[in-house]
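Participant: Provided below for reference: sequence and predicted model.
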Amino acid sequence: MVAAVVKAEPLLVVLLGPTASGKTALSLRLAGEFSGEIMSCDSVAVYREMEIGTAKPTREERMRAPHHLIDVRNPDESYTAGDYGRDAREALAGTSGRGHVPIVTGGTGLYLRALLEGLFAGPARSDALRERLRAKEKRHGEGTLHRLLTKIDADTAKAIHANDVPKIVRALEVPLLTRRTMSEAWQQAGRDPLTGYRVLRIGLEPERQRLYERINRRAAAMFDDGLVEETQQLVERYGYECRPLQSLGYAQAIGVLRGEMTRDAAVTAAQQGHRNYAKRQMTWFRREPEVTWLKGCGDDAEIADAAVRLVGAVR
């Protein structure tokens, strides 16, 4: 009697790490080594026309390996974590079906959670409540709602940038309508975790000072490369209130356009914002299970080699 051959579940590689830690470089190395396709996990890179401020892979880099979930919406179109979870699972199925290795890379923790764990069914949106919350932010100043969310649901607040008012409003809407915080709802509600894959999580953890230097250089380079001019074009097309333009870098460029800060002040503010964001990302990612952390940047030769060995061992 011939024993049945059990086919192994396809491998899914997930690259974690803070902004500017070299995830793009490492994803390209792994894609080249293992016939990989790269799944972006970035809540701003999903928008078309936003190139400089998103640190998307360049067009040349995108030619080196298939990329998914970049440029899937116009900036004035809605795109939620739920949308991402559905689209990413479809992209994973297609990649695995072609016999390629899906490599998820990016820094948006909520999107990664939507992909790997599924989303809870939250309450229906309340336009009246959302309008009151937005009015509160305008009345009391930038950061008001994020501070409120931190008091109500610190875990969720850590995963959302202080300038991302739409996500903050939704995170406040849940407890105000249900008397449960979003993090409690995540823990208690039935979800739809991803199945059918062997998930290998690789984390990048550069030394803090080195990471901050990389962040500072990247933020300054964005302005040197024309971020203010790109933002001006986006404002002319979509208006100042366009949601993605509230993200890091673009928000500071808008400050320049409105005459609220000098270019130098905008660069400094963007650098500080990205450093703070990196701290929140690491707080979020350290809660991910079974991560193999590599103490360096993804474009370090020894780190890339170590990642290749990790993938090769389970391939």
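Facilitator: Thanks, I have it.
Participant: can you give me the end-to-end distance of stretch 30-47?
Facilitator: Using Cα to Cα, to the nearest Å, one end of stretch 30-47 lies 25 Å from the other.
Participant: so where do the helices sit in the stretch 51-200 of the chain?
Facilitator: Secondary structure of the stretch 51-200 of the chain (DSSP state H, counting those that start in this stretch): helices at 59-64, 81-97, 109-116, 127-140, 144-152, 154-158, 165-178, 182-188.
Participant: what's the most buried one of the ones you listed?
Facilitator: Among the helices of the stretch 51-200 of the chain, helix 109-116 has the highest mean neighbour count (mean count of other Cβ atoms under 10 Å), at a mean of 23. For glycine as for every other residue, the C-beta is placed from the backbone atoms N, C-alpha and C.
Participant: other SSEs contacting that helix?
Facilitator: When contacts are defined as 3 or more Cβ pairs under 8 Å, 6 or more residues apart in numbering; DSSP states H and E, helix 109-116 sits against strand 11-16, helix 81-97, helix 263-285.
Participant: quick one: the shortest one to helix 81-97, angle?
Facilitator: Orientation of strand 11-16 against helix 81-97 (axes from the mean of the first three to the mean of the last three Cα atoms, to 10 degrees) gives an angle of 140 degrees.
Participant: Relative to strand 11-16, what are the paired strands and their orientations?
Facilitator: With DSSP bridges as the test, strand 11-16 is paired with strand 101-105 (parallel), strand 198-204 (parallel).
Participant: what's next to that strand, contact-wise?
Facilitator: Contact with strand 11-16 is made by 23, 26-27, 30, 36, 92, 96, 101-105, 112, 116, 194, 197-204, 285, 288, 291, 298, 311, 314-315, as judged by Cβ atoms under 8 Å, 6 or more residues apart in numbering.
Participant: which among those residues end up buried?
Facilitator: By neighbour count, with 16 or more other Cβ atoms under 10 Å, the contacts of strand 11-16 hold 23, 26-27, 30, 36, 92, 96, 101-105, 112, 116, 194, 197, 200-204, 285, 291, 298, 311 as buried.
Participant: residues in contact with Glu205?
Facilitator: Contact analysis of Glu205 by Cβ under 8 Å, 6+ apart lists 17, 21, 282, 293-296.
Participant: farthest pair in these?
Facilitator: Met282 and Gly296 (14.3 Å; Cβ to Cβ).
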